[in-house]
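Peer 1: Give me a 3D structure for the following:
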Amino acid sequence: MTSQDELFMQRCLDIALWAEGKTSPNPMVGAVLVYNNRIIGEGFHQKAGAPHAEVNCFASVKAEDEVFLPHSTLYVSLEPCSHFGKTPPCVDLVLKKGVRRVVVAMKDPFPQVAGRGIQKLRNNGVEVVCGVLEEQAEYLNRFFLTAVRKKRPYVTLKWAESEDGYIDSLRTSPEEPPFVLSTPLRQREVHRLRAIHDAILVGRNTVVWDNPKLTNRYWSGKSPIRIVLDKQLSLLKTGTYHLFVPNDVPTWIVVAPDADTSLLPSYLRAIRWDSERGELSQLLEELKRQGIQSLLVEGGAYTLQAFIDQNLYDAIDREVAPLLLKEGVKAPLL
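Peer 2: Predicted structure coming up:
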């Protein structure tokens, strides 16, 4: 490994990030082809089902530079795949193009790859260097890696609180608007978090008191699947909420095993979970089976505290506003 290897691998990570929030359930991957310290091709995986980074990288090489491929180094932020999925194996393409040196940031823990891509390259005489900027590559694909290794979504807990530890003022009715603790700039960052996560989850009380939309409105990209904990579908019986208005953003309702879902509108989806047992890990496993690789938990305090108490989180996005509320809804305790 050389400093040049790190430099070009950083370029792989940078361009892979251009697809943030668009590749799930696939990882974000960048690839760069270098001849004599000159980039002659680069590409990234743009969205799930689309060509992989290596394919786009080779496709970007100009005709006059094709002759340099056997003398070039391919940098890729994740081990090239060696299996047939929605696209052919990238390892076969690398061998076909005649590249003799490949630098990989990290091995792919996905069971159908798991070192096989690297081994196939080496078996065919290709020099493979692995582990360049590995820590950065792991962080880039923390959602994908958590889903593969822990069999559950990557969980981010998010809340804002005052300096004296309250997430909302003391309100007497849901008609009173919640106290806004975040600046407009910070609100944009929160919506970026929504854009990059597969799903967002809140408890029943948050819906009653805040009536949130839980959509991404201040950042480019998609809105996450909206998930609300409501054991007996009581929210549908007690009021009209933004989450239950038919639109293009799916809403899932987590209900008890005995909940009557026969009258549930077709645009809403029920996920059954035995909440009486209190094991959030079971809910997360079910969400993983439903294709959710990353989950943003936005509230309320009781729901956030449950994830904290059961140690079922991977990151906390906690904002402390420079003001005192003196009373209200207490923030979760770490």
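
Peer 1: in the stretch 201-334 of the chain, which spans are strands?
Peer 2: 225-229, 251-255, 268-272, 294-299, 315-321, 329-330 (DSSP state E, counting those that start in this stretch).

Peer 1: okay, now the domains of the chain?
Peer 2: For the chain, the TED database gives the domain ranges 3-144, 151-330.

Peer 1: most tightly surrounded among the strands of the stretch 201-334 of the chain?
Peer 2: strand 294-299 (a mean of 26; mean count of other C-beta atoms under 10 Å). C-beta coordinates here come from the backbone N, C-alpha and C atoms, glycine included.

Peer 1: same question for it, mean pLDDT?
Peer 2: Strand 294-299 shows a mean pLDDT of 96.

Peer 1: and that strand, which strands flank it?
Peer 2: Counting by DSSP bridges, the strands paired with strand 294-299 are strand 154-162 (parallel), strand 199-203 (parallel).

Peer 1: how many degrees apart are the last one and strand 225-229 in direction?
Peer 2: For strand 199-203 and strand 225-229, the angle between their directions (axes from the mean of the first three to the mean of the last three C-alpha atoms, to 10 degrees) works out to 20 degrees.

Peer 1: quick revisit: could you export the strands of the stretch 201-334 of the chain as TSV, including distance to Pro178?
Peer 2: Compiled in TSV, the strands of the stretch 201-334 of the chain are given as follows (distance: least, C-beta to C-beta, whole Å):
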stretch	distance to Pro178
strand 225-229	17
strand 251-255	20
strand 268-272	24
strand 294-299	10
strand 315-321	13
strand 329-330	9
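
Peer 1: for Met137, what are its contacts?
Peer 2: Quick fix: residue 137 is Ala, not Met. Met9, Leu13, Ser77, Leu78, Ala105, Met106 (C-beta atoms under 8 Å, 6 or more residues apart in numbering).

Peer 1: Can you classify it as helix, strand or coil?
Peer 2: Here Ala137 is helix, with the state taken from DSSP: H, G, I helix; E, B strand; the rest coil.

Peer 1: Can you tell me the closest non-neighbouring residue to it?
Peer 2: Closest residue to Ala137 apart from its sequence neighbours, by C-beta to C-beta, 6 or more residues apart in numbering: Ala105 at 3.6 Å.

Peer 1: separation between the one you found and Met9?
Peer 2: Distance, Ala105 to Met9, by C-beta to C-beta, to the nearest Å: 6 Å.

Peer 1: Between those two, which contacts overlap?
Peer 2: Ser77, Val132, Leu133, Ala137.

Peer 1: which residues does the second one contact?
Peer 2: With contacts defined as C-beta under 8 Å, 6+ apart, Val132 is in contact with Met1, Asp5, Glu6, Met9, Tyr75, Val103, Val104, Ala105.

Peer 1: Secondary structure of it: a strand, I assume?
Peer 2: No: applying three-state DSSP, one finds Val132 to be coil, outside a strand.

Peer 1: picking up where we left off before, comparing Ala105 and Met9, which residue is more hemmed in?
Peer 2: The neighbour count for Ala105 versus Met9, taken as other C-beta atoms under 10 Å, is higher for Ala105 (30 against 25).

Peer 1: pLDDT value on the more buried one, please?
Peer 2: Ala105 carries a pLDDT value of 96.

Peer 1: and it, what does it touch?
Peer 2: The neighbourhood of Ala105, defined by C-beta under 8 Å, 6+ apart, consists of 9, 12-13, 76-78, 130-134, 136-137.

Peer 1: Low-confidence bits of this structure, can you list those?
Peer 2: Applying pLDDT under 70 to the chain flags the ranges 1-2, 83-87, 111-112.

Peer 1: Please confirm that Gly41 is located within a strand.
Peer 2: Yes: assessed by three-state DSSP, Gly41 belongs to a strand.

Peer 1: ok, it - contacts?
Peer 2: Applying C-beta under 8 Å, 6+ apart, one finds that Gly41 lies in contact with Val32, Leu33, Cys57, Phe58, Ala59, Ser60, Val61, Asp65.

Peer 1: List the buried residues in the helix or strand containing Leu13.
Peer 2: If you go by DSSP states H and E, Leu13 is part of helix 3-16. Residues of helix 3-16 classed as buried: Asp5, Phe8, Met9, Gln10, Arg11, Cys12, Leu13, Ile15, Ala16 (neighbour count, 16 or more other C-beta atoms under 10 Å).

Peer 1: Where do the strands of the stretch 1-150 of the chain begin and end?
Peer 2: With DSSP E, counting those that start in this stretch as the criterion, the stretch 1-150 of the chain has strands at 30-35, 38-44, 73-76, 101-104, 127-130.

Peer 1: Adjacent strands (with direction) for the last one?
Peer 2: Taking DSSP bridges as the criterion, strand 127-130 sits next to strand 101-104 (parallel) in its sheet.

Peer 1: Tell me where the stretch 151-300 of the chain has helices.
Peer 2: All helices of the stretch 151-300 of the chain, identified by DSSP state H, counting those that start in this stretch, fall at 184-196, 204-210, 235-238, 280-289.

Peer 1: Let's have the ones you listed in TSV, adding distance to Lys47 and mean neighbour count.
Peer 2: Compiled in TSV, the helices of the stretch 151-300 of the chain are given as follows (distance: least, C-beta to C-beta, whole Å; neighbours: other C-beta atoms under 10 Å):
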stretch	distance to Lys47	mean neighbour count
helix 184-196	13	16
helix 204-210	31	20
helix 235-238	33	13
helix 280-289	20	18
